[in-house]
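In: predicted model follows, preceded by the sequence.
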Amino acid sequence: MRLTSIALAVAAFASLASPALADCPPRSTPETHVWGGGLCLAVNTFGAGEAGSAPTLVVVVHGDISDGGRATYHAAFARKVARPGVVAVALMRPGYADADGRASEGHTLGRRDNYTPQVVTAIGNAIDALKRHHRARRLVYVGHSGGAAIGGVLIGRRPGLVDAALLVSCPCDIAAWLKARGRPPWQRSLSPADHVHRVSAATRVTVMTGSEDINTFPELARDYAAALTARGVPAHFEPVEGAGHGFRGLERAVAAALDRILEAAAN
């Protein structure tokens, strides 16, 4: 009888264990870490307690942060996004750390040429686990710069996972982007332009770039949106007048675009 009771207790505990955690650090919760299949990624979660049942999940993914700093700005944005009916998660890309020093597993690869198949797979698996954990009825992906490039690849490699994508300052054609900047081709990274043909027509895609962006110049996003539209994907390009590449100058326009996406999802 005692052995049976122990076995039942173990089984009950196993049933409660979240697949979102898997091999993440002890005492982790899905609000702080998520297992991406091969890599444990750090996250900051906002609004989970107030979102209610079947919320919309917004996942915000930062850029390359080539100055060597920590990934913080996307968490500040995600905090503002949370509201009744919406859970917002700021996800740290592999190898990056947040303001508290919590780091995602993996490597930044020098913060360049790192939109690799492994990275895209880890982020896609983590988002899938988050979607299931929060029992989200819809998923909105918000990515800036390198995070936008990863998002553009992800919606092609995992059609149906993302309901709406908001890609900000996107180097959506990696080869064209590097050539225009006089840089040699990257060897490891995937490009959104090469995955257009696999994006689901059920995924709404908004691509935004500042009109004064001299890094990921607007034509990259405009041409990518046009290629999606030609395939029947509901996509459009929104230039942000007077803005450059940095997220701070784009934040108000991004928040307004996200509000429109969330409003449409609620109707």
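Out: It's in.
In: ranges for the strands of the chain?
Out: 33-35, 40-46, 56-61, 86-91, 138-144, 164-168, 204-210, 235-240 (DSSP state E).
In: out of those strands, nearest to residue 180?
Out: strand 204-210 (13.7 Å; C-beta to C-beta). For every residue, glycine as well, the C-beta is placed using N, CA and C.
In: sorry, back to before: which one of the strands of the chain lies closest to residue 26?
Out: strand 33-35 (10.4 Å).
In: make CSV out of the strands of the chain and add mean pLDDT and distance to residue 72.
Out: Listed next are those as CSV, based on pLDDT from 0 to 100; distance: least, C-beta to C-beta, whole Å:
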stretch, mean pLDDT, distance to residue 72
strand 33-35, 94, 17
strand 40-46, 96, 10
strand 56-61, 98, 12
strand 86-91, 98, 9
strand 138-144, 98, 12
strand 164-168, 98, 16
strand 204-210, 98, 20
strand 235-240, 98, 22
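In: would a markdown table of these with mean neighbour count be doable?
Out: What follows is these, written out as a markdown table (neighbours: other C-beta atoms under 10 Å):
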| stretch | mean neighbour count |
| --- | --- |
| strand 33-35 | 26 |
| strand 40-46 | 23 |
| strand 56-61 | 26 |
| strand 86-91 | 27 |
| strand 138-144 | 25 |
| strand 164-168 | 27 |
| strand 204-210 | 25 |
| strand 235-240 | 20 |
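In: closest to residue 107 out of those strands?
Out: The nearest among the strands of the chain, by C-beta to C-beta, is strand 40-46 at 12.9 Å.
In: so what secondary structure elements neighbour that closest one?
Out: strand 33-35, helix 73-81, strand 86-91, helix 117-133 (3 or more C-beta pairs under 8 Å, 6 or more residues apart in numbering; DSSP states H and E).
In: so what are the sheet partners of that strand and their directions?
Out: strand 33-35 (antiparallel), strand 86-91 (antiparallel) (DSSP bridges).
In: would JSON lines of those with distance to residue 199 be doable?
Out: Shown next, in JSON lines, are the strands paired with strand 40-46 (distance: least, C-beta to C-beta, whole Å):
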{"stretch": "strand 33-35", "distance to residue 199": "24"}
{"stretch": "strand 86-91", "distance to residue 199": "21"}
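In: related to what we said a few turns ago, now the helices and strands packed on strand 40-46 as a markdown table including distance to residue 251?
Out: A markdown table is the format used below for the helices and strands packed on strand 40-46 (distance: least, C-beta to C-beta, whole Å):
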| stretch | distance to residue 251 |
| --- | --- |
| strand 33-35 | 25 |
| helix 73-81 | 6 |
| strand 86-91 | 14 |
| helix 117-133 | 22 |
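In: still on that earlier bit, would TSV of the strands of the chain with distance to residue 184 be doable?
Out: Shown next, in TSV, are those (distance: least, C-beta to C-beta, whole Å):
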stretch	distance to residue 184
strand 33-35	34
strand 40-46	29
strand 56-61	26
strand 86-91	29
strand 138-144	24
strand 164-168	25
strand 204-210	23
strand 235-240	28
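In: for residue 69, which of these is the nearest?
Out: Once the strands of the chain are compared by C-beta to C-beta, strand 138-144 is nearest, at 14.0 Å.
In: thank you, goodbye.
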